[in-house]
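Peer 1: got a sequence here, can you build the structure:
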Amino acid sequence: MPAKLLATLIGLIAILLWSVLALTTALTYRIPSFELLGLTFAVATLMGATSWLFRPGATAALRQPWPVWALGVGGLFGYHAVYFEALKRAPPAEASLIAYLWPLLIVLFSAMLPGERLRWYHVAGALLGFAGVLALALAKGVSGFEMANAPGYALALACAFIWSGYSVLSRRFKAVPTDAVVGFCGVTCVLALICHGLFETTVWPDAKEWLAIVGLGLGPVGLAFYAWDRGVKHGDIRLLGVASYATPVLSTLILVAVGIASPSLALALAVLLIVGGALIASRDQLFPPRKPALEA
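Peer 2: Numbers count the residues shown, from 1 in each chain. Sure, this is the predicted structure:
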């Protein structure tokens with residue numbers, strides 16, 4: 001299997017894992033945001049560091065220049081911290097919709113990467129994906145944008161730029177091993193717990209919440225970020241950007257499957273738009289250009 005295709009498939013694992021985020025987070029609704037962030041990233045850090053027991057040399061990945069650390073910690077902690085603040089200053093539905101511009105921004109920003117070319121079908125696929133998310137959001141109750149919530153909208157837009165910037169700029173540090181993400185997760189954990197101590201009141205999780213926290217740390221917060229790092233550094237970053245629009249739809253489908261949400265026409269439309277967008281954006285993979293025949 002070509003290395004780029006393998007990396008892209010690994011990146012898609014992150015999208016699948018993020019789709020269960022809503023379900024698992026619903027089980028921890030009592031836990032304050034920064035406390036939950038700190039605990040889940042603690043699990044993610046321990047999971048990554050445990051692998052070093054079998055790969056002692058992997059710890060050398062932590063010896064990186066400060067720009068690498070600034071990008072990694074800024075992406076992981078910066079996105080979540082700003083997102084939490086956006087949810088406080090604007091309705092969650094509207095804030096989440098704005099923040100979910102990041103897949104489209106990834107597709108657009110990828111044009112600035114060496115060796116990458118942005119085609120019309122990449123943009124068309126990303127726009128169709130966003131249309132699918134918009135259809136789902138409207139069905140869930142996005143009633144309109146009010147100027148009183150402008151600060152929250154601005155923070156949500158900042159989230160979109162933070163995560164897309166982190167994802168695209170990671171490509172410029174593709175030589176940095178994914179093991180460095182373990183360090184980013186560790187610093188994010190510490191910063192989150194500091195914010196928790198400053199701004200929140202601790203809520204001790206019960207047994208079910210601890211299971212959900214461990215599940216979040218192993219999957220959507222842990223393995224997902226390691227897989228995403230591999231995907232955006234070595235895979236098809238434009239396809240990963242478009243495919244990311246599947247996350248909220250898959251998340252809703254999972255909620256429907258477990259009986260928390262109900263099926264709807266909006267969900268069906270969102271699926272069609274996002275799948276269509278992904279197929280259009282995958283044109284290079286589905287229909288690779290023919291190499292010119294050698295002249296006799």
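
Peer 1: look at Arg290 and report its pLDDT.
Peer 2: Note on Arg290: pLDDT of 61.

Peer 1: burial of Ala175, as a residue count?
Peer 2: Ala175 has 7 neighbours, counted by other CB atoms under 10 Å. Bear in mind the C-beta positions are built from the backbone N, C-alpha and C, glycine included.

Peer 1: for it, what are phi and psi?
Peer 2: Reported as degrees, to the nearest 10, the phi and psi values for Ala175 are phi -80, psi -10.

Peer 1: now it: how far from Leu76?
Peer 2: According to CB to CB, to the nearest Å, Ala175 and Leu76 sit 19 Å apart.

Peer 1: how about low-confidence regions in the stretch 101-250 of the chain?
Peer 2: Across the stretch 101-250 of the chain, the ranges flagged by pLDDT under 70 are 140-145.

Peer 1: how many neighbours does the closest residue to Phe161 other than its chain neighbours have?
Peer 2: Among residues not flanking Phe161 along the chain, Leu105 sits closest, at 6.6 Å (CB to CB, 6 or more residues apart in numbering). If you count neighbours by other CB under 10 Å, Leu105 ends up with 20.

Peer 1: from the chain's centre, how far out does the helix or strand containing Leu105 sit?
Peer 2: When secondary structure is defined by DSSP states H and E, Leu105 falls within helix 102-109. Remark: helix 102-109 is offset 12 Å from the chain centroid, using CA atoms, centre = their mean, to the nearest Å.

Peer 1: C-terminal to it, what's the next element?
Peer 2: Once helix 102-109 ends, the next helix or strand along the chain (criterion: DSSP H and E) is helix 120-140.

Peer 1: if I look at the closest residue to Val168 other than its chain neighbours, how far off is Ala126?
Peer 2: Distances taken as CB to CB, 6+ apart place Phe109 nearest to Val168, at 4.3 Å, with adjacent residues excluded. Applying CB to CB, one obtains 11 Å for the distance of Phe109 from Ala126.

Peer 1: what do you get for Gly241?
Peer 2: For Gly241, the distance to Ala126 - CB to CB - is 6 Å.

Peer 1: likewise for Tyr226?
Peer 2: According to CB to CB, Tyr226 and Ala126 sit 24 Å apart.

Peer 1: do Ala60 as well
Peer 2: Counting by CB to CB, the gap from Ala60 to Ala126 is 37 Å.

Peer 1: so Leu76 makes contact with Phe184?
Peer 2: Yes: using CB atoms under 8 Å, Leu76 makes contact with Phe184 at a distance of 5.2 Å.

Peer 1: can you count the residues close to Met1?
Peer 2: Neighbourhood size, Met1 [other CB under 10 Å]: 6.

Peer 1: that should have said Ala124, apologies.
Peer 2: Ala124 - counted by other CB under 10 Å - has 17 other residues nearby.

Peer 1: for it, give me its contacts.
Peer 2: Contact analysis of Ala124 by CB atoms under 8 Å, 6 or more residues apart in numbering lists 277, 280-281.

Peer 1: looking at Phe109 and Ala126, which one has more neighbours?
Peer 2: Neighbours were counted for Phe109 and for Ala126 using other CB under 10 Å; Ala126 has more, 26 against 22.

Peer 1: following the helix or strand containing Lys233, which helix or strand shows up next?
Peer 2: Using DSSP H and E, Lys233 sits in helix 224-234. Using DSSP H and E, the next helix or strand after helix 224-234 towards the C-terminus is helix 237-243.

Peer 1: against which helices or strands is the next helix or strand after that next one packed?
Peer 2: The helix or strand immediately downstream of helix 237-243 is helix 246-257, counting by DSSP H and E. If contacts are counted by 3 or more CB pairs under 8 Å, 6 or more residues apart in numbering; DSSP states H and E, helix 246-257 sits against helix 3-18, helix 21-26, helix 120-140, helix 265-281.

Peer 1: now those in CSV, with distance to Thr50?
Peer 2: What follows is these, written out as CSV (distance: least, CB to CB, whole Å):
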stretch, distance to Thr50
helix 3-18, 18
helix 21-26, 21
helix 120-140, 35
helix 265-281, 34
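
Peer 1: kindly check the end-to-end length of stretch 50-66 for me.
Peer 2: Taking CA to CA, to the nearest Å, the first and last residues of stretch 50-66 lie 24 Å apart.

Peer 1: got the buried residues for it?
Peer 2: Buried residues in stretch 50-66, counting neighbours by 16 or more other CB atoms under 10 Å, are found at 58, 61-62, 64.

Peer 1: again, but for stretch 251-262
Peer 2: So for stretch 251-262, counting by 16+ other CB under 10 Å, buried means 251-255, 261.

Peer 1: return the distance of the helix or strand where His196 lies from the chain's centre.
Peer 2: Element membership for His196 (DSSP H and E) is helix 180-199. Centre-to-centre, helix 180-199 and its host chain are 18 Å apart (CA atoms, centre = their mean).
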